[in-house]
Every structure is written in C-alpha cells, then in structure tokens.
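S.K.: I would like to see how this sequence folds:
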Amino acid sequence: MYYQVRRILQQMSCPLPAESLFNTADNHINLIAYKKICNKFGVHANTDFRFKGGNNGGLGTMYNYVTRTGYVPLTGIPCNPSRFQFIPQTTSTVIKIDYISQSEAVDGWMQFY
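M.R.: Here you go, the predicted model:
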C-alpha cells in the first residue's frame, strides 16, 4: 500500500513533507494525472477522500492542560480556529491547545482504500 500511495503521489506531482517544495497550506497537484488515475480506478474525480470521522470532523480531540488536573479533553466543542489556537497561554478570547489526539483516524486508511 505504501508503494502504491507514493507512486500515485509521484504521478500527480505532489510534493512530500520532506521535500523543499512542500507547503502545508498550498501544494501543487497535476489535475490531468489525477483525473487519469480516477478513471483507471473507476472513482469520480470529485470524490472527497478526507477522513472526517471522530471529533471535529476528523481533526481529532483537542487537549488543554489544567493545573493540578493534567490534560483535559475539550470534547463537545466544535473546533473554531479563531477560538482554539496553539499559543503560549490562554487569553480571554483564545483557548490554548496543547495537543491533538487522532485516535479515531487509526482506521482512516481503510476509508481511503
């Protein structure tokens, strides 16, 4: 599976995180190659492959550190990027996120497959 994914990404000219061309917010994709691959596997070109299971539409469970308690999951609160951020300290308008756990995404590859 690893080989096939790497091969597909290479065919679509998608840079990998270790490459200098990689940009977390804006990566190149060869759409002609993408459509050829979709046709080859019988998948509609407008299919959304993102994993959206678990908390926050697939993002995962956000955790915040509370003194004398430890890390507390922020469950039941939808992720709002303007309210939850990776900042040094919680403020009156922004809540600090210490880390995110994606335990539900363990089987996300099965959805993709």
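S.K.: give me the neighbour count for Met62.
M.R.: The local packing of Met62 (other CB atoms under 10 Å) involves 21 other residues. (Glycine included, C-beta is placed from N, CA and C.)
S.K.: how about the contacts made by it?
M.R.: By CB atoms under 8 Å, 6 or more residues apart in numbering, the contact list for Met62 reads Asn55, Asn56, Pro73, Leu74, Ile77, Cys79, Phe84, Ile97, Ile100.
S.K.: now swap in Asn56 and tell me
M.R.: With contact taken as CB under 8 Å, 6+ apart, Asn56 is in contact with Met62, Pro78, Cys79.
S.K.: that one: what secondary structure?
M.R.: helix (DSSP: H, G, I helix; E, B strand; the rest coil).
S.K.: sorry, back to before: of the contacts of Met62, buried ones?
M.R.: In terms of neighbour count (16 or more other CB atoms under 10 Å), the buried residues within the contacts of Met62 are Asn55, Asn56, Leu74, Phe84, Ile97, Ile100.
S.K.: which of those residues sits closest to Arg7?
M.R.: Compare each of the buried ones among the contacts of Met62 with Arg7 using CB to CB and the shortest gap goes to Ile100, at 29.7 Å.
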